[in-house]
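*Asks:* Sequence first, then the predicted structure, then my questions.
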Amino acid sequence: MEWGEFLGRPKPVDDIPLSSSSETGLDPIIRLKNLDIGYTKSLVSNITTQIYSGDRIAIIGPSGVGKTTLLRTIAGLIAPVSGEIENTFSARGEIGYIPQKLGLVRHSSARNNIQLGARTRKSRFYPPFIGLGDSLNNEVESLIQKLGIEDIADEPVRILSGGQQRRVAIARALIQKPGLIVADEFLGELDLR
């Protein structure tokens with residue numbers, strides 16, 4: 001399957017303008033060159049495109065065509081079959097990944113799950129027996145308020161709705177202050193508010 005078919009468009013991806021930021025002369029933050037993705041065989045081949053700071057890109061297609069595999073590859077979690085990924089980030093930790101299956105600590109509170117993200121921020125590890133400090137705690141509280149989860153912040157994740165859990169996962173990714181967020185099924189389970 002060609003990349004243009006994957007998007008449901010008849011032309012190659014490098015002919016599709018992604019955003020106005022590509023016209024500003026700024027360097028891309030991610031460059032995909034002749035990328036083939038898959039596990040034992042290539043699911044999608046010859047992906048060539050660039051992603052710029054501020055871009056919001058949706059990967060749309062039917063089940064099983066490689067959307068999650070592409071996102072996991074961009075996030076640095078799996079290697080491409082062939083081709084290159086160039087990014088301006090110094091470490092994989094600079095890319096925040098929100099998986100389809102959220103990977104939250106189910107017996108722990110929403111607040112603790114967000115704090116876990118703060119503890120692993122940008123390759124810096126804050127052991128559990130050391131406090132986060134006022135600044136990081138304030139950032140956690142600010143995200144809790146911005147995402148409207150203050151009423152469930154101290155509840156165990158296992159009793160939260162799917163949408164509430166997704167907001168916790170979003171906060172956990174945002175607290176890490178990544179240069180790029182890659183989100184699989186980003187709006188899954190969320191309502192419009």
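*Replies:* Sure thing, it's come through.

*Asks:* Now do the domain split for the protein, please.
*Replies:* The chain breaks down by automatic domain parsing into domains covering 3-88, 103-178.

*Asks:* weakest of these by average pLDDT?
*Replies:* Ranked by mean pLDDT, the domains of the chain bottom out at domain 3-88, with a mean of 74.

*Asks:* Do a quick rundown of the helices in the chain.
*Replies:* Listed in chain order, the helices of the chain (DSSP state H) span residues 3-6, 67-74, 110-119, 134-146, 162-174.

*Asks:* Turn those helices into CSV, including distance to R56 and mean neighbour count.
*Replies:* Backbone N, C-alpha and C define where each C-beta goes, glycine included. Shown next, in CSV, are the helices of the chain (distance: least, CB to CB, whole Å; neighbours: other CB atoms under 10 Å):
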stretch, distance to R56, mean neighbour count
helix 3-6, 18, 18
helix 67-74, 14, 22
helix 110-119, 21, 22
helix 134-146, 18, 15
helix 162-174, 14, 21
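
*Asks:* and I30, what does it touch?
*Replies:* Contacts for I30 (CB atoms under 8 Å, 6 or more residues apart in numbering) come out as 50-51, 74, 85-88, 180.

*Asks:* What distance do you get for S53 to P62?
*Replies:* Taking CB to CB, to the nearest Å as the measure, S53 falls 30 Å from P62.

*Asks:* chain center to stretch 150-158: distance?
*Replies:* Distance, stretch centre to chain centre, for stretch 150-158: 22 Å (CA atoms, centre = their mean, to the nearest Å).

*Asks:* one step back: when S53 and P62 are compared, which one has more neighbours?
*Replies:* Taking other CB atoms under 10 Å, S53 and P62 do not tie; S53 has more neighbours (15 against 8).

*Asks:* ok so, going back, give me the ChimeraX select line for the contacts of I30, limited to the buried ones.
*Replies:* Buried members of the contacts of I30, defined by 16 or more other CB atoms under 10 Å, are picked up in ChimeraX with:
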select :50,51,74,85,87,180
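
*Asks:* among the domains of the chain, which is nearest E94?
*Replies:* E94 lies closest to domain 103-178 among the domains of the chain, at 5.6 Å (CB to CB).

*Asks:* Need the distance between the two termini of the closest one.
*Replies:* Using CA to CA, to the nearest Å, the end-to-end distance of domain 103-178 comes out at 18 Å.

*Asks:* just the strands in this structure please.
*Replies:* Taking DSSP state E, the strands of the chain run over residues 30-38, 42-51, 82-87, 95-98, 180-183.
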